[in-house]
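Undergrad: With the sequence up front, the predicted model follows.
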Amino acid sequence: MTRFTRPVVRKNIAPGIHMIQHADVNAFIVQDGHRGMVIDAGLPGMWPLLSAGLEYLGLRAERLEALVLTHGHFDHVGNAERLRAAGVPVYVHKNDARLVRHPYTYRHEKSRALFPLTHPGGLPSLARMALYR
């Protein structure tokens, strides 16, 4: 874990929906008894937190019914390949499918070099993500 943020698991943010949050990134677990699915897989470095959250809820990665990726950015697909390798079906838009295996290779919509200049308030979040990827 980084020294800048504390990981959080919020149980039942809505009935049966749990949020795992770290380094300004969220992953969600939808649970129905012993069945579950993950929505967005966080940063690659969030695997210990994601797996601990599943265990805390009485779920195991290899028994998940699905991983749904909302879009193909590295902070959403970071653990997708690990879950796919465990046998979890991964649902992702066809244009983002290659990111499941290579989360840091997506084409950016805009130059990343300009982001700190145009969004200086985002620098702390970027720093946290960079330290915990």
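TA: In hand now; what should we look at?
Undergrad: Next, work out how far apart the residue most central in space within the chain and residue 27 are.
TA: Nearest residue to the geometric centre of the chain (Cα atoms, centre = their mean): residue 42, 1.4 Å. As defined by Cβ to Cβ, to the nearest Å, residue 42 lies at a distance of 4 Å from residue 27. Placement of C-beta: from N, CA and C, glycine included.
Undergrad: Now the common contact residues for the two.
TA: Taking Cβ atoms under 8 Å, 6 or more residues apart in numbering as the criterion, residue 42 and residue 27 both touch 20, 50, 79.
Undergrad: Can you get me a residue count around the second one?
TA: Neighbour count of residue 50, defined by other Cβ atoms under 10 Å: 24.
Undergrad: CA atoms only for the helix or strand harbouring it - export them in CSV, please.
TA: Using DSSP states H and E, residue 50 sits in helix 47-56. Extracted in CSV, the C-alpha atoms of helix 47-56 (Å, rounded to 0.1, in the frame of the first residue of the first chain):
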residue,chain,number,x,y,z
TRP,A,47,-4.9,-7.4,-6.6
PRO,A,48,-4.2,-8.1,-2.9
LEU,A,49,-7.0,-5.7,-1.9
LEU,A,50,-9.5,-7.1,-4.5
SER,A,51,-8.8,-10.7,-3.5
ALA,A,52,-9.0,-9.9,0.2
GLY,A,53,-12.3,-8.1,-0.4
LEU,A,54,-13.6,-11.2,-2.2
GLU,A,55,-12.5,-13.4,0.6
TYR,A,56,-14.0,-11.1,3.2
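Undergrad: What average pLDDT does the helix or strand that that helix is followed by get?
TA: Sequence-wise, the next helix or strand downstream of helix 47-56 (DSSP H and E) is strand 66-68. Mean pLDDT, computed over strand 66-68, is 96.
Undergrad: Kindly report the same for stretch 43-51.
TA: On average, stretch 43-51 scores 87.
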